[in-house]
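In: fold the following, please.
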Amino acid sequence: MKIKVCGLRDKSNVKDLMVLSLDYMGFIFYSKSARFVGDDFDAEITKMIPLHIRKVGVFVNESVEKILALAKKYQLDVIQLHGDESPEDCKLIKDAGLEVFKAFQLNEAFQFKVLDKYHKTCDYFLFDTKSEAYGGSGKKFNWEILKKYKGETAFFLSGGIGSKDVEAIKEFKHPKLVGLDVNSGFEKSPALKDAVLVKEFLKSVRQN
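Out: Here you go, the predicted structure:
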């Protein structure tokens, strides 16, 4: 199970987390988020992360030009698109040599057929809880909805996941589930993660 910890920005916190067996570390470049890295975010923070941990930049309805510029500045490996981006946007980013995650907000009324045009331009989907904002609600959605998903693209499960959800995660089965995206469920305050809680979660969720 791949694990992505998102919503980081504090240098010492990143140092504490990068010694854990994480697969992805996420940084939010969306100014309306409580976890926005800020306009003067230090590029040395992302550059110090070991190569085996992939660096993710999270964007919401940003221009492809600006995304690619920030990807270069912060040496990002992955771009997570969390807004209303088109398949064409995804393709432009993928063609630039970056891995693409496309997030979708789910509720009972979600129509999975809208994903059909994204399969060829995205490496992974990320299924989050539908909210008025673009993610970050801290709430879970009904995972049973995902039984309707028959697509070819593997996905990450997101939305309010915390340490209390380990057993539910182990019980949930889907052939295309490959990872978990965690954020607010492991925070001391916005953007500041509890490294001890994350370490315990990693150990528990990966135990057979």
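
In: make it CA atoms for all contacts and neighbour counts henceforth
Out: Noted.

In: in the chain, which strand is the longest?
Out: Longest strand of the chain, by residue count under DSSP state E: strand 99-106.

In: ok, it: who's next to it in the sheet?
Out: Here strand 99-106 has these sheet partners by DSSP bridges: strand 78-81 (parallel), strand 124-129 (parallel).

In: format those strands as CSV; extra columns: mean pLDDT.
Out: Below are the strands paired with strand 99-106 laid out as CSV (pLDDT from 0 to 100):
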stretch, mean pLDDT
strand 78-81, 99
strand 124-129, 97
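
In: starting at the chain centroid, how far to the longest strand of the chain?
Out: 8 Å (C-alpha atoms, centre = their mean, to the nearest Å).

In: try stretch 153-166
Out: 10 Å.

In: columns mean neighbour count and distance to residue 196 on top of the strands paired with strand 99-106, output as JSON lines?
Out: Formatted as JSON lines, the strands paired with strand 99-106 follow (neighbours: other C-alpha atoms under 10 Å; distance: least, C-alpha to C-alpha, whole Å):
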{"stretch": "strand 78-81", "mean neighbour count": "24", "distance to residue 196": "26"}
{"stretch": "strand 124-129", "mean neighbour count": "24", "distance to residue 196": "25"}
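
In: at the geometric centre of the protein, which residue do we find?
Out: Centroid check for the chain by C-alpha atoms, centre = their mean gives residue 181 as the closest residue, at 5.0 Å.

In: once you drop chain neighbours, what's closest to residue 2?
Out: Distances taken as C-alpha to C-alpha, 6 or more residues apart in numbering put residue 179 closest to residue 2, at 4.2 Å, once the chain neighbours are dropped.

In: that neighbour is in contact with residue 1, isn't it?
Out: Yes. Shown here, residue 179 and residue 1 form a contact pair, counting by C-alpha atoms under 8 Å, at 5.1 Å.

In: doesn't the residue nearest to the centre of the chain fall inside a helix?
Out: No. Secondary structure of residue 181 (DSSP: H, G, I helix; E, B strand; the rest coil): strand, not part of a helix.

In: now do the contacts for it.
Out: 3, 4, 5, 6, 156, 157, 158, 159, 161 (C-alpha atoms under 8 Å, 6 or more residues apart in numbering).

In: okay, and which of those residues map to strands?
Out: Per DSSP E, the subset of those in strands is 3, 4, 5, 156, 157.

In: tell me what the last one is bridged to.
Out: With DSSP bridges as the criterion, residue 157 is bridged to residue 127, residue 180.
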